[in-house]
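A.B. asks: here is my input, please return the structure:
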Amino acid sequence: MAMTATLCSSCFRDPFLKAFIDEKGTDDSCSFGCTGSKALPLTMIADVIGDALSKHYSPVDTSHDEIEVGEDPVDLLLRLTGLEHPQAKAVVEYLRNREIRTHGSDQFFGSDLTFRTPWPFGQENRWQDFKQRVKFEARFLDPAAKYILDELSRDLPDFARGVAVSALPAGTRVYRARIGQTSEDATRIIEAGLPELGPPTTSQAHPGRMNAAGISVFYGAIEPDVAIAEVKPWVGAWVAVATFEATRDVRVLDLARIPSADQCESVFAPGFAALSQRIGFFRSFEYEIAEAVQPGQELIEYVPTQVVAEYVARTLELDGIIYRSAQTDEVGKRNVVLFPRNQVTESEDTTAVLRFPLKFVDGLSELRRVTGISVRSAGEIIWSRYVDLPPQDSEE
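C.D. replies: Numbers count the residues shown, from 1 in each chain. Purely as a prediction, here's the structure:
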């Protein structure tokens, strides 16, 4: 393709690139036969595309990286820009030649390389800065840490295509599970009902990813099989599964629905970097929730996620957080944590569920027996799938 080739706004689906050409373009015709009213030299548009990709993407050498697979440069342009294959190929050829002229090789845009978005869907620097602050410099939510969260949470209902905050409608069912050491023990748990299957009392609340010691929160799952997987049973284990229903609409920070940055904004737009950092923070937070902690390190390692959870509950005044389960690789499998609202006295702890927008559904608790576990590894993440059956269908 000659260097004088042109591209018009009709060549693209990406809104930023279309607007860029419409604003700066001339009345020249498109070299590829498209019918846009404005066109620019391919080299000018390719420079904009190449600079953005170099900033937001990293090359992956597939000959040395068997786990992480990115996208071919041409395929990446097809997806991000909406170009047809001939135009995308011409842009990549120009970028490769530009790189060779500048650096003597085409290490970034070379045909033997693929691309990946920097993990996780953006930049995680803000999360690391936040962790350092609350763990080692000023414990809990000091002004500097609060500033970070305020900045990242601004306009949250409209953030990421408006899906970051969602509502579980009244009547939505959520589930909790407990392992019994024997079938008799699991049966006893079910017969005891809410005291055994509900959230712990304040005096029994141990520190967790979303709560400090003494603060009882409701850890549950949107699907019963995820509730079972989260307690990590062994083959042959008996599990009691309880059902709860939302008594009103429950507003949550829905981490599982936040899309990648390039699904929300043009990679080529000036605001993409800031959006990528915001999404990267929430992705890092979600990843941290599932991270295993070495025994004895809980008090310090739980602090960052506890602080964010407290901020979500008290400052944003949301009822909870939904996040992906680390125990399954199935799409859509989610956990939920709900925060207490109405304070109760210690003598009322047996009805602790009343502090949450939930009711315990008596009569729907089930006894399940785990009959098999399948494990699949992807990098450092290991997913386990638990196959459970009602006890009457299982051998003793």
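
A.B. asks: Arg79 - nearest residue in space that isn't next to it in sequence?
C.D. replies: Once flanking residues are discounted, Arg79 sits nearest to Glu71: 7.1 Å by Cβ to Cβ, 6 or more residues apart in numbering. To be clear about C-beta, it is placed using only N, CA and C from the backbone, and glycine gets the same treatment.

A.B. asks: got the phi/psi numbers for the one you found?
C.D. replies: Torsion angles at Glu71 (phi, psi; degrees, to the nearest 10) stand at phi -120, psi 150.

A.B. asks: burial of it, as a residue count?
C.D. replies: 17 (other Cβ atoms under 10 Å).

A.B. asks: and what of Ala212?
C.D. replies: A count of nearby residues for Ala212, using other Cβ under 10 Å, gives 18.

A.B. asks: what do you get for the one 5 residues further on?
C.D. replies: By the other Cβ under 10 Å criterion, the neighbourhood of Val217 contains 23 residues.

A.B. asks: measure it to Asn335 for me?
C.D. replies: The gap separating Val217 from Asn335 is 12 Å, by Cβ to Cβ, to the nearest Å.

A.B. asks: any idea what the residue nearest to Arg79 is bridged to?
C.D. replies: Residues in a beta bridge with Glu71, per DSSP bridges, are Phe115.

A.B. asks: assumed Leu253 was part of a strand.
C.D. replies: Yes: note on Leu253: a strand contains this position according to DSSP: H, G, I helix; E, B strand; the rest coil.

A.B. asks: what sits against it?
C.D. replies: 156, 164-165, 312, 316, 318, 320-322 (Cβ atoms under 8 Å, 6 or more residues apart in numbering).

A.B. asks: state the helix or strand in which Pro199 lies.
C.D. replies: Pro199 belongs to no helix or strand when elements are defined using DSSP states H and E.

A.B. asks: that one and Ile215 touch, don't they?
C.D. replies: No: using Cβ atoms under 8 Å, Pro199 makes no contact with Ile215, being 10.4 Å away.

A.B. asks: so what sits against both of the two?
C.D. replies: Counting by Cβ under 8 Å, 6+ apart, the contacts common to Pro199 and Ile215 are Ala205.

A.B. asks: looking at those two, which has the bigger crowd around it?
C.D. replies: Set Pro199 next to Ile215 and count neighbours by other Cβ under 10 Å: Pro199 wins out with 25 against 17.
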